[in-house]
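Visitor: pasting the structure only:
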């Protein structure tokens, strides 16, 4: 299923919404003229990879997350206030939630009944919600970042926590409509002991010194954010500010004890932004920076970096390496600000758009600098020839590029396989047309979610030729098509012993990026 994307409100209006949510439900946030009736909203958005993820019958317009971290118990006392708008008459609706100890739910200021079933928080308001009703939903709960779950977004650290929600774990941190199709505005208030700092996605708009030697930090996102891209972190951090291209304000959130050692890596960001803006246009958000969270533990998270919006998550030790070992991957994560964050996947099967583009530009950046890749290759053409030879094997073991499942979602097919599709398109239409396709796609779908079909439609319009057959063969075919301009390239035969799928625990995905 596909839904029309909400238009983003002006910045002043967003500040007003954040203020209303921060203060809690008011009379203006309560549903008007409630009538009996309605039906329960569907507990799915029909995603092809995660069919149980997300909920229907409403859309979330804004979230305000109010977290208070207790450094003694290491628990989070939280209140999530969601401004939702019903898309049908609702007798009941649900949010995604897992591992949260919910104490109360209020809808429009009135107590609502609720139950937690599997990964759903089912909410029955005192009166049914009519269609197109705007109402505040307030959920009070406690969360334990160290709780053992089948999968979790929490990353406990010695002095607090960070979160890594991608792809389907934001609802272990806050109740939400946990699907990138339903992007919303976010504000955050994080209360911590004054020896620590709370940081979140977006820009700092307020700092409060509170009784009990505590400090509250309030942040606001300047653009709609998918739940899987939210970042909230608490720890012994300092915030290092610098200026990017065109006066863009950059901020890095760095463990205090490691700030000096990490500075060489942090200082690379302005140059990365300048390089990428020349290719993709202006950076789409209000700020950017890195979060080397205060943990290098092997089990903290099993990937190198995560592109949470405006603040990319890393382990510190990775960033202590020399530039040629980290620069192309830092570029990979930065590319996600455009492909993945500004333009999010409408279905998780569209992940190749995110990861294919991130690896495509990350590799271009690497080869421009003469840095050999993990195979010892020095050009995009050489790497694509090697990838092309693997094409049928990957299609047999991981499915077509745009047809993943939950087990193989983050396999090489979505990364290098996606790069190969983009390389084939560039070979077919030429570099100038390809660059216009890229920019047009980003402009057309900014601050929204897009499908693979949307990308094909832009490629068709900008190239002046129907690209649907060409791209559908590359994206959904079980055999690797011929590479334009390279009739001598060959595909290796499939080795059947390699076809068996690899078992993975839910929510755990090792790195497949070729930019490492």
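Guide: Perfect, thanks for sending it. All values reported here derive from a predicted model rather than from experimental measurement.

Visitor: what sits against residue 84?
Guide: Taking CB atoms under 8 Å, 6 or more residues apart in numbering, we find residue 84 in contact with 58, 59, 60, 61, 93, 134, 135, 136, 137. Heads up, the C-betas are built off the backbone N, CA and C, glycines and all.

Visitor: Try it again at 10 Å.
Guide: Listed by CB atoms under 10 Å, 6 or more residues apart in numbering, the contact set of residue 84 reads 55, 57-63, 90, 93, 95, 107, 129, 133-137, 177, 182, 184.

Visitor: now do residue 99
Guide: 116, 119, 141, 143-145, 147-154, 169, 171-173 are the contacts of residue 99 under CB under 10 Å, 6+ apart.

Visitor: Could you grab the helix/strand/coil label for it?
Guide: Of the three states, residue 99 takes coil under DSSP: H, G, I helix; E, B strand; the rest coil.

Visitor: Residue 385 too?
Guide: Per three-state DSSP, residue 385 ends up helix.

Visitor: residue boundaries of the strands in the stretch 251-400 of the chain?
Guide: With DSSP state E, counting those that start in this stretch as the criterion, the stretch 251-400 of the chain has strands at 287-288, 290-292, 305-306, 312-314, 343-345.

Visitor: Lowest mean pLDDT across the ones you listed, which one is that?
Guide: Mean pLDDT values for these show the minimum at strand 305-306, a mean of 94.

Visitor: hmm, back to that, report the buried members of the contacts of residue 99.
Guide: Listed as buried from those are 116, 119, 141, 143-145, 152-154, 169, 171-173; burial here means 16 or more other CB atoms under 10 Å.

Visitor: Can you convert these into CSV and add a column each for secondary structure and pLDDT?
Guide: Shown next, in CSV, are the buried ones among the contacts of residue 99 (DSSP: H, G, I helix; E, B strand; the rest coil; pLDDT from 0 to 100):
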residue, secondary structure, pLDDT
116, strand, 97
119, coil, 98
141, strand, 98
143, strand, 98
144, coil, 98
145, coil, 98
152, coil, 97
153, coil, 97
154, strand, 97
169, coil, 98
171, helix, 98
172, helix, 98
173, coil, 98
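
Visitor: which one of these is nearest residue 427?
Guide: Of all those, residue 427 sits closest to residue 169, with 37.5 Å by CB to CB.

Visitor: Return the distance of the nearest residue to that closest one once chain neighbours are set aside relative to residue 174.
Guide: Nearest in space to residue 169, with sequence neighbours left out and distances taken as CB to CB, 6 or more residues apart in numbering, is residue 153 at 3.8 Å. According to CB to CB, to the nearest Å, residue 153 and residue 174 sit 9 Å apart.

Visitor: hey, what's in contact with both of the two?
Guide: Residues touching both residue 153 and residue 174 (CB under 10 Å, 6+ apart) are 163, 165, 227, 230, 232.

Visitor: Tell me which two in those residues are the farthest apart.
Guide: The span of these, defined through CB to CB, is set by 227 and 232 at 11.8 Å.

Visitor: what sits in contact with each of those two?
Guide: Residues touching both residue 227 and residue 232 by CB under 10 Å, 6+ apart: 153, 165, 173, 174, 186.

Visitor: Now do the same for the most centrally placed residue in the chain: its pLDDT.
Guide: Geometric centre of the chain, nearest residue: residue 229, 3.2 Å, by CA atoms, centre = their mean. Predicted confidence (pLDDT) for residue 229: 98.

Visitor: so where is this structure shaky, pLDDT-wise?
Guide: For the chain, applying pLDDT under 70 flags the ranges 1-36, 497-510.

Visitor: That one: helices as residue ranges?
Guide: Assigned by DSSP state H, the chain shows helices spanning 11-23, 259-266, 269-280, 316-319, 323-335, 351-368, 380-389, 391-398, 412-429, 431-444, 452-463, 468-476.

Visitor: what packs against the shortest one?
Guide: Contacts defined by 3 or more CB pairs under 10 Å, 6 or more residues apart in numbering; DSSP states H and E place helix 316-319 against strand 249-255, helix 259-266, strand 290-292, helix 323-335.

Visitor: Okay, now the sheet partners of the first one, with direction.
Guide: By that I understand strand 249-255. Paired neighbours of strand 249-255 in the sheet (DSSP bridges): strand 237-243 (antiparallel), strand 287-288 (parallel).
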